[in-house]
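J.: task: produce atomic coordinates for the following.
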Amino acid sequence: MAALLSVSDLRVRIGGSQILQGVSFDVPATGVTVLLGRNGVGKSTTLKAVLGLTPASAQITGTVRFDAAEVTGLPTYQLVRRGLGYVPEDRGIFAGLTVAENLRLAERSPAPDYDTAYGLFPELAHRGKQRAGTLSGGQQQMLAIARVLLNSNRLLLVDEPTKGLAPRLVTEVADVVTRVAESVPILLVEQNLALVRRVGRDAVVLAAGAVAYSGPIGPLLQDEDQTRSLLGVGHRHATSVQA
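T.: Presented below is the predicted three-dimensional model:
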């Protein structure tokens, strides 16, 4: 299957630290590709480097191609216009604005897709006047995902959507990721291996700033020794999200 996103020999140095040391991988045009690895190996840095969101002082080399066109070094707003949607790890909502105002700020087209956003997160439709900063962590994550769903995207980059959420909400996020991936591919950074097993099809594992595994998720998670070596956890941690 042809790659929608191709990252080749991506190297990122920030300050005195070499974060990425030649990362290369492809993201196909369907399904969920999960970017895995222990804490601090450069997963979020990879997403930010693709999107042009690393600090201005960062030294970046390598090539990024999106939809067969080289986009290396393009500013973030041009990548967004080409169809790259982003849900950051810290959610990035405007706490002082209402839910409705957060959504309106995310609109990029004359006909934003509120039907999809509210269809997946009906609770948001009833909280339009509520300030986003007063939402629960799970509700804030719903809002962060809903914002990108208002627009037509070719690929979603989603960073740690279940971080800090209760198990019940992790299951809800898994449901949402599964449904969204039916219409738009996702590059997902996630630590919850049970969710990864449920929603993911392909995996890219980073270790020491480079790719240590690239391929189907199933064989990776079925190999106890490999999972423990690359991710620091065993098979039993990959079986708790409800189907």
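
J.: tell me what the residue nearest the centre of the chain is bridged to.
T.: Closest residue to the average C-alpha location of the chain: Val158 at 1.6 Å, with C-alpha atoms, centre = their mean. Beta-bridge partners recorded for Val158 (DSSP bridges): Val87, Leu188.

J.: Leu10 and Arg65 touch, don't they?
T.: No. Counting by C-beta atoms under 8 Å, Leu10 stays clear of Arg65, with 11.4 Å between them. For the C-beta atoms, the positions are set from N, CA and C on the backbone; glycine is no exception.

J.: more neighbours: those two, which one.
T.: Leu10 (26 against 16; other C-beta atoms under 10 Å).

J.: sec struct for the more buried one, please.
T.: strand (DSSP: H, G, I helix; E, B strand; the rest coil).

J.: thinking again about what came up before, so how far is Arg11 from the residue nearest to the centre of the chain?
T.: According to C-beta to C-beta, to the nearest Å, Val158 stands 24 Å off from Arg11.

J.: next, count neighbours for Ser44.
T.: 18.

J.: now it: which helix or strand?
T.: Ser44 belongs to helix 43-51 when assigned by DSSP states H and E.

J.: show the average pLDDT along that helix.
T.: Helix 43-51 comes out with an average pLDDT of 96.

J.: need the residues that contact that helix.
T.: Helix 43-51 is contacted from outside by 5, 7, 10, 12, 14, 19-20, 23, 35-37, 53-54, 58, 60, 64, 76, 79, 84, 86, 89, 157, 159-160, 187, 189, 206, using C-beta atoms under 8 Å, 6 or more residues apart in numbering.
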